[in-house]
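*Asks:* Build me a model:
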Amino acid sequence: MNGHRASWKNKMVCFAASMIVATAVGCSKPQESTEAALPPIKKIPAGAQFSGFLKDYEALKPNPDVEGEMLTYVSTDAKKNLRSYLAIVVDPIEVYVATDADEKRVNEDSRKALTNYFQHALTMAVSDAFPMVEKPGPLTLRLRVALVGVDIGGQVAAGTVSADSKPLENALNIGKLGVEVELVDSETGERIAAAVDRTNLGAGAEIGAVNFSREEKFAAAREAFDEWASRLRNFLDSAHELKGEDLTRADKSYKPY
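*Replies:* You can find the predicted model right below:
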C-alpha cells in the first residue's frame, strides 16, 4: 500500500511542477476580484440538523479511518473518484451563523478573520496532494467549504489585543462551529466526496481580531482550524488508498518492467 501512495505522491509532485507558472499568474491577480464574488453570510434554518450548504446529506456515514465525529461520502464510481484527479480549485469559504444570531453583525473584517486563516490551513494541509489552481479544468476538483454555526459575542474591549491584530467590533464565538465540505468535478459539478465535521469546542473558543492567530488568547480557535484541515487531509488520504478488491486488482496488474 505504501508503494501505491508513493506513486500517487510522485505523480502529484510532477503535476505540481507543471502548474507553477499558472498558479503564480493566478496569485498575481488583484484581490478585489475575489472579494467581489464572496457569497453573503447565511443563517442555519431553525430546527435544521444541517445548514443546507451541501446538496445531499443522506449518503454521509461515520468514517472509522478519520478521528473525531466526521461523516463522509466518497464516490464508488471507478471513473469518478479522488484517484482520478490531479488538482483542485477552492471556492470562497461560506459562513453560516447560528439560527438565533444576527448575520448582519458579521462584517467584512469578521468574515476575513474566519475564512482567511482556514483558507491558509486548508492550503497547508492539502496542496502537496492536490496542487491548487485558479480555474476549473480537466482532472480538477472544486473544493466547496462552509463554516457552520458561528455565533456573535460581545464587543472586543479596547487594548485586549495588540494594535497590529486589528480588533473586531464583536467577537465571534466558534464553540459550536462545524465544517461542511464537498469536492465536485470542476467541469460537471458531479459530487466526488463530501464530509461534515463537528467539534464542540465549548465556552471560550472565540475570535476577536482579524489576525487572531497572533494572539495567545485565541489559541483554541487557531488550533481548531488547524485540526479541521488536518482531518480533511486524513480523509482525502484514506479515500485515496486502494482497499479490498481495488487493491487486489491493482497488485495483479502491477508490472514494474
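*Asks:* for the stretch 101-250 of the chain, which spans come out with low pLDDT?
*Replies:* Residues of the stretch 101-250 of the chain that meet the criterion pLDDT under 70 lie in 202-204, 240-250.
*Asks:* Please enumerate the helices of it.
*Replies:* In the stretch 101-250 of the chain, the helices defined using DSSP state H, counting those that start in this stretch lie at 108-126, 219-240, 244-253.
*Asks:* Which positions are bridged to residue 147 in the beta structure?
*Replies:* On the basis of DSSP bridges, residue 147 is bridged to residue 95, residue 179.
*Asks:* That one contacts residue 92, doesn't it?
*Replies:* No - counting by CB atoms under 8 Å, residue 147 stays clear of residue 92, with 11.4 Å between them. For glycine as for every other residue, the C-beta is placed from the backbone atoms N, C-alpha and C.
*Asks:* the more surrounded of those two?
*Replies:* More neighbours surround residue 147 than the other of residue 147 and residue 92, with 24 against 15 (other CB atoms under 10 Å).
*Asks:* Mutual contacts of residue 147 and residue 92, please.
*Replies:* residue 115 (CB atoms under 8 Å, 6 or more residues apart in numbering).
*Asks:* sorry, back to before: can you tell me which of the helices of the stretch 101-250 of the chain is nearest to residue 143?
*Replies:* The minimum distance between residue 143 and the helices of the stretch 101-250 of the chain falls on helix 108-126, with 7.6 Å, by CB to CB.
*Asks:* got the angle between that closest one and helix 219-240?
*Replies:* 40 degrees (axes from the mean of the first three to the mean of the last three CA atoms, to 10 degrees).
*Asks:* Return the set of buried residues in helix 108-126.
*Replies:* Across helix 108-126, burial judged by 16 or more other CB atoms under 10 Å covers 110-115, 117-119, 121-122, 125-126.
*Asks:* circling back to that earlier point, just put the helices of the stretch 101-250 of the chain in CSV and tack on distance to residue 66.
*Replies:* Compiled in CSV, those are given as follows (distance: least, CB to CB, whole Å):
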stretch, distance to residue 66
helix 108-126, 13
helix 219-240, 5
helix 244-253, 18
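*Asks:* residue boundaries of the strands in the stretch 51-200 of the chain?
*Replies:* 61-62, 71-74, 87-90, 94-97, 140-155, 167-173, 178-185, 191-198 (DSSP state E, counting those that start in this stretch).
*Asks:* Using JSON lines, lay out those strands together with distance to residue 47.
*Replies:* Listed next are the strands of the stretch 51-200 of the chain as JSON lines, based on distance: least, CB to CB, whole Å:
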{"stretch": "strand 61-62", "distance to residue 47": "23"}
{"stretch": "strand 71-74", "distance to residue 47": "19"}
{"stretch": "strand 87-90", "distance to residue 47": "31"}
{"stretch": "strand 94-97", "distance to residue 47": "14"}
{"stretch": "strand 140-155", "distance to residue 47": "14"}
{"stretch": "strand 167-173", "distance to residue 47": "20"}
{"stretch": "strand 178-185", "distance to residue 47": "16"}
{"stretch": "strand 191-198", "distance to residue 47": "17"}
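*Asks:* Ok, which of those strands comes nearest residue 52?
*Replies:* Per CB to CB, nearest to residue 52 of these: strand 94-97, 8.4 Å.
*Asks:* Report the rounded mean pLDDT for that closest one.
*Replies:* For strand 94-97, mean pLDDT rounds to 95.
*Asks:* just checking, what packs against it?
*Replies:* strand 42-43, helix 108-126, strand 140-155 (3 or more CB pairs under 8 Å, 6 or more residues apart in numbering; DSSP states H and E).
*Asks:* could you redo those as a markdown table and give each row distance to residue 230?
*Replies:* Output for the helices and strands packed on strand 94-97, formatted as a markdown table (distance: least, CB to CB, whole Å):
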| stretch | distance to residue 230 |
| --- | --- |
| strand 42-43 | 26 |
| helix 108-126 | 6 |
| strand 140-155 | 14 |
